[in-house]
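> Here is my input; please provide its structure:
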Amino acid sequence: MDSARWQKVQTLFHEAVELPEPDRRGFLEAQCQDDPGLVGDVLVLLDEDGVAEIRCWTATLPKPLTSSSTNPTQHLFHSKSLAPIGLSAS
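Take a look at the predicted model:
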């Protein structure tokens, strides 16, 4: 892919990614009437962008509790308080 075509792909990608997903293909087809191959090139990038977004989002989710845990709350709280909530430990 030459640099001029890559520039077109990038421009179309940045415009299309701002649209609701159902509207993207129609937008691209209207913009790429003289070069339908651009539609596929941009759609591939949009699909990969969506996969990357899901991967980033799921990477930030907390780890699930393990079944070997004897005290499930130890995974939820970092401090180990010996007094009930609201009472001083001293």
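> Touching stretch 37-54 from outside, list them.
1, 5, 8-9, 12-13, 16-17, 21, 24-25, 28-29, 31-32 (C-beta atoms under 8 Å, 6 or more residues apart in numbering). Any C-beta I mention is one placed from the backbone N, CA and C, and that applies to glycine too.
> show me what contacts K8?
Counted by C-beta under 8 Å, 6+ apart, K8 has contacts 35, 38.
> Offset the numbering so it begins at 47, please.
Done: numbering now begins at 47, and the last item shifts to K54.
> Just the buried positions in the host helix or strand of it, please.
Using DSSP states H and E, the element containing K54 is helix 49-62. Buried residues in helix 49-62, defined by neighbour count with 16 or more other C-beta atoms under 10 Å: 54-55, 58-59, 62.
> got it, and stretch 69-81?
70, 73-74, 77-78.
> Export those residues to JSON lines and append columns for pLDDT.
Putting those into JSON lines (pLDDT from 0 to 100) gives the following:
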{"residue": "R70", "pLDDT": "89"}
{"residue": "F73", "pLDDT": "95"}
{"residue": "L74", "pLDDT": "94"}
{"residue": "Q77", "pLDDT": "94"}
{"residue": "C78", "pLDDT": "93"}
